[in-house]
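Q: Build me a model:
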Amino acid sequence: MVEAVVVTGRDQMKRSLNLDHIRLRNKFLMLYMFCVLIPIVITNIVFYTVTTENVRKQRMRDISRALEQIKNEFRMETEDAVSVSYVLLQDYNLNNLLVSEYEQPAEYVAAYDSYTRRMLNSYTPVYTSVQNIRIYLNNPTMLHSGAIGYLSDEVLRSRWYEAVMAEPANIVLIRTARENDYVYRDRETRDTFSIVRRMNYYPDSKWEKILKIELRMPVVHQVFRNLNVNGQVYLLNEQGIVEYTTDPNIPWETSQVPYRNLIHPDDWVEFETAYEDVQYLRGWKLVGIVSPDNVFQEVYKSRAFVFWMASLNLLFSTVIIFWITRSLNIRLVNILRHMKKVKHQQFVTIKGGETRDEIGQLTGEFNRMTMQIKSLIDDVYIAEIQTKSLEIERRKAQLNALQSQINPHFLFNALETIRMRSLIKKESETAHIIHNMARLFRSSLTWKKDRITVAEEVEFMTWFLQIQQYRFGKRLTYHLNIDPDARDVIMPKMVFLPFVENASIHGIEPLKQGGNIDIQFCRTGDALVFMIRDDGVGMDEEQVRKIVHYLKVEDELGERIGIQNSIYRLQMLYGEDFRLHIDSAPGAGTMIEITIPIIS
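A: The predicted structure follows:
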C-alpha cells in the first residue's frame, strides 16, 4: 500500500510538471518571462544597486577629501601667520627695541624707523594670508601708533587678550574685529581671524608684550568656497561655537552661535574632520552639511543610465522574440484551423506556399494529405452520393415542416387582428386586409417553391405590415430600404418575416404611443445582409441570451415556431456562414442583423 501511494504521488508530480497541456502561445510567454524579462530585470536591479552604491561611496569620499582639503588649506594660511609670529618672537633686536626706555620721542622714532618699521612691514607683501601686524605693550616711553599699540584698559578687557592670557601655550587663534587706521576699536562685529601670542621669549623684560597678526579674510573666504562641497561649511571652536561658515543665514560675525542650536533637514548628510595635531587649533573641527541631492546627483545619473540601457535591451529582445514566436505561432494556429475544417469535411489547403523550416514542411505535408483525402472521398465513396441525396430530401422535408409551422402562426395572428378590428369598427376597408391575407395564405401553401427573391420576400413583409398597420393605426409606421443590387438575390422563403412579426407584436404593441420599424436589405460582396430595427420596448440580457442560444441547439424540430424556427432553418441551410447579431436594451428598442451567403 505504501509503494502504491508513492508511485501515485510521483505520477501527480510528473503531470504537474508536464507542459504538454499548455497552449503554445502561453509556452512562448513563459519562455519570454523566465528567460528574458525576469533575468534582464534582476540583472539590471543588481547592477543598479552595486553601481549606485559604488557611486555613492565615491561621492562621499570626494566630499570628505574636499573637506579635508579645506581644513589643511586653512591650517596652512594660519601657519604662515604663526611662522611670522615665531620670527618676531625670537628677534632679539626687535625685543630689545620694544623693552628699551626712551628719554625723548625722537629717540624712539629713530629706532622705529631704523628697524621696527622695516621689520614689521616686510612680511605682509610676502605672506598673502597676513593682513596686518601689530604689537601691544605697556612701555610708556614709546609712541603708540602705526604697528605699535598701547595695552590700555580697553585692550585688557578685550576677548582676545583674555584668551591669550588664559592659554598656557601663550598663542591662540581667535576671531577679532579689524583694526582701523592702526587704532583698536572693540566693535561687536568680529569678522577676521587673528593669531595672538605673548612675546615672552626673553623673560627679563618688565614690560608686557602682545603680538596680534590679522589674517587676510578674502584668502580665508577663498579657502572655504571649495566647489567640491556643494553645501554649507562650518568652522567650530573647541566649545562648538561657529567661528566661520559659508551659510549666509548665520550671523557668525556679530554673535556666538552654537552649532548644536542650528536646525538642518533630517535627510542632509553631515561630514566632519577635526584638528588634532595643531596646538592653537586643538579641539577645533570642520563640519560640512550637504544636501542629499548633491550627494546622490551622480547616483541619479547612473540610475537614468541603467534604466535606459535596461529599457533598450528589453525592447530589442522583446521585438526579436515577438517576431520569431509570432512566425511560429501564427502558422501553427493556421494549420490547426485548417485541420478543424478537415474534421468538418471542408478540404481546404493552406495558402502561402511552403517554407524551408519544419513548420513549412508540415504545411506542405498537410496540403498533400488533404488533397489525398479529398481524392479518396471522391473516388471511393461515390456510392455514398445516393445516401446523401436521400438525406437532403429528408432535410427538405424538415424545412417544409418548419414552413408549415410558421405559416399558421402568422395566419392566426393576422386573422385574429382582422376579426377584432371588424367587430369593433365594422369597416369596409377590411376587404383590402383580407385580400393581403389571402395572398399570404396562398404563398404559404406553395410547397414546391421554397426559395424566392428578396423582392418577393419584401412583398410578403409589406402585406404583413399593412395588416399590422390596419390593426395599430397611426401607432405603427415602417420604412423599407432595399438595395437595388439585392432585389434579385435568391433566399429562403419567409425566413425573415418572423423577425418583422416579432418587432411589431413584441416590440411596438406594448407601447401606448406606438413606434417605428426600419427594414433594410443590402448586398455586400457575396453576402446578403438583412437588418430590422424598432424603437419598441426592447429586450433584457436574458431574452437576448435565449435567442442566441437557439444557434447552439441541435435537437429535433419539435414545436419550434417564430424566430426560433427561422434561426434553425438558416443555421441548417448555411451552417457557419450564417451570422446573427442582436443589439437591444430595455426601453431602447431592438436591432437585429442577419448575414447569409449568396448562393446562385
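Q: What residues does the residue located most distally from the centre of the chain make contact with?
A: No residue in the chain has its C-alpha farther from the mean C-alpha position than E103, which lies at 91.9 Å (C-alpha atoms, centre = their mean). By C-beta atoms under 8 Å, 6 or more residues apart in numbering, the residues touching E103 are T141. (C-beta placed from N, C-alpha, C; glycine too.)
Q: Let's see the pLDDT reported for it.
A: Here, the pLDDT recorded for E103 equals 84.
Q: and M199, how many neighbours does it have?
A: 24 (other C-beta atoms under 10 Å).
Q: do you know how far it is from P168?
A: 16 Å (C-beta to C-beta, to the nearest Å).
Q: how close does the residue farthest from the centre of the chain sit to N138?
A: Applying C-beta to C-beta to E103 and N138 gives a distance of 18 Å.
Q: Ok, F34 next?
A: F34 is 91 Å from N138, by C-beta to C-beta.
Q: Tell me the secondary structure at the nearest residue to F347 once chain neighbours are set aside.
A: Excluding its sequence neighbours, the residue lying closest to F347 (C-beta to C-beta, 6 or more residues apart in numbering) is K374, at 4.0 Å. Assigned with DSSP: H, G, I helix; E, B strand; the rest coil, K374 falls in the helix class.
Q: And Y136, by the same measure?
A: Put simply, Y136 is strand when judged by three-state DSSP.
Q: Surely it touches I210?
A: Yes. Counting by C-beta atoms under 8 Å, Y136 does reach I210; the two are 4.4 Å apart.
Q: tell me, what's touching these two both at once?
A: The contact lists of Y136 and I210 share 151, 155, 161, where a contact means C-beta under 8 Å, 6+ apart.
Q: what number of residues lie near the residue nearest to F347?
A: 16.
Q: show me where pLDDT drops low in the stretch 101-250 of the chain?
A: Counting by pLDDT under 70, the stretch 101-250 of the chain has low-confidence residues at 122-126, 179-188, 227-228.
Q: can you give me the strands in it?
A: Assigned by DSSP state E, counting those that start in this stretch, the strands in the stretch 101-250 of the chain fall at 130-137, 148-150, 171-176, 192-198, 209-215, 231-236, 242-245.
Q: With distance to I70 and mean neighbour count added, can I get the ones you listed in CSV?
A: Supplementary listing: these in CSV, determined by distance: least, C-beta to C-beta, whole Å; neighbours: other C-beta atoms under 10 Å:
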stretch, distance to I70, mean neighbour count
strand 130-137, 20, 20
strand 148-150, 32, 19
strand 171-176, 16, 21
strand 192-198, 14, 23
strand 209-215, 15, 24
strand 231-236, 6, 22
strand 242-245, 11, 21
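Q: pLDDT below threshold where in the stretch 451-600 of the chain?
A: For the stretch 451-600 of the chain, the ranges with pLDDT under 70 are 552-561, 600.
Q: One more pass at 50, please.
A: 555-560 (pLDDT under 50).
Q: residues touching R451, list them.
A: R451 neighbours (C-beta under 8 Å, 6+ apart): 490-493.
Q: Tell me, how many residues neighbour the residue nearest to V196 when sequence neighbours are not counted?
A: Leaving aside its sequence neighbours, V196 sits nearest to V164 (C-beta to C-beta, 6+ apart; 4.5 Å). Number of residues near V164 (other C-beta under 10 Å) recorded here: 23.
Q: can you check G473 too?
A: 9.
Q: Can you pull the phi and psi angles for it?
A: Here is the backbone geometry of G473 (degrees, to the nearest 10): phi 70, psi -130.
Q: domains for this structure, by residue range?
A: Using automatic domain parsing, the domain ranges for the chain come out as 72-220, 391-597.
Q: So for I38, which of the ones you listed sits nearest?
A: domain 391-597 (41.7 Å; C-beta to C-beta).
Q: Count the neighbours of L376 for me.
A: 10.
Q: For it, report the pLDDT, please.
A: As predicted, L376 sits at a pLDDT of 77.
Q: Also the one 4 residues further on?
A: Among the per-residue scores, V380 shows a pLDDT of 62.
Q: One more: the one 4 residues further on?
A: Here the pLDDT value assigned to E384 is 67.
Q: What are the buried residues along stretch 370-380?
A: 370, 374 (16 or more other C-beta atoms under 10 Å).
Q: same thing with stretch 324-335?
A: Result for stretch 324-335 [16+ other C-beta under 10 Å]: buried residues 325, 329, 331, 334-335.
Q: what mean pLDDT does the top helix by length along the chain have?
A: What stands out as the longest helix in the chain, according to DSSP state H, is helix 38-90. If you average the pLDDT over helix 38-90, you get 84.
Q: quick one: V287 and L236 touch, right?
A: Yes. The criterion here is C-beta under 8 Å, and V287 meets it with L236 at 6.2 Å.
Q: Pull up the overlap in contacts between the two.
A: By C-beta under 8 Å, 6+ apart, the residues touching both V287 and L236 are Y259.
Q: Next up, the contacts around the closest residue to V500 other than its chain neighbours.
A: In space, and not counting its chain neighbours, V500 is closest to M461: 5.2 Å by C-beta to C-beta, 6+ apart. Residues near M461 by C-beta under 8 Å, 6+ apart: 480, 496-497, 500, 519.
Q: for M461, helix, strand, or coil?
A: Quick answer, by three-state DSSP: M461 is helix.
Q: Nearest to I195 among the shared contacts of Y136 and I210?
A: Closest to I195, out of all of the shared contacts of Y136 and I210 and judged by C-beta to C-beta, is Y161, at 13.6 Å.
Q: From R61, how far off is the closest residue to that closest one other than its chain neighbours?
A: Leaving aside its sequence neighbours, Y161 sits nearest to V155 (C-beta to C-beta, 6+ apart; 5.8 Å). To R61, V155 is 46 Å away according to C-beta to C-beta.
Q: So for the two, which residue has more residues nearby?
A: More crowded of V155 and R61, by other C-beta under 10 Å: V155, with 17 against 10.
Q: Quick check: the gap between the more buried one and L88.
A: From V155 to L88 the distance is 18 Å (C-beta to C-beta).
Q: Isn't D91 up against M119?
A: Yes. Using C-beta under 8 Å as the test, D91 is close enough to M119 to be in contact (6.8 Å).
Q: ok so, going back, which one's more surrounded, F34 and N138?
A: Neighbours were counted for F34 and for N138 using other C-beta under 10 Å; N138 has more, 16 against 10.
Q: What is the burial count for I532?
A: Around I532 there are 21 residues (other C-beta under 10 Å).
Q: can I assume it sits in a strand?
A: Yes. The assignment for I532 by three-state DSSP puts it in a strand.
Q: Just the C-alphas of the helix or strand containing D583, formatted as CSV.
A: Following DSSP states H and E, one finds D583 within strand 579-584. C-alpha atoms of strand 579-584 as CSV (Å, rounded to 0.1, in the frame of the first residue of the first chain):
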residue,chain,number,x,y,z
ARG,A,579,-24.3,35.3,-38.8
LEU,A,580,-26.7,36.7,-36.2
HIS,A,581,-26.1,40.0,-34.3
ILE,A,582,-28.6,41.4,-31.7
ASP,A,583,-28.3,44.8,-30.0
SER,A,584,-31.1,45.5,-27.6
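Q: Right, I'll call it a day here.
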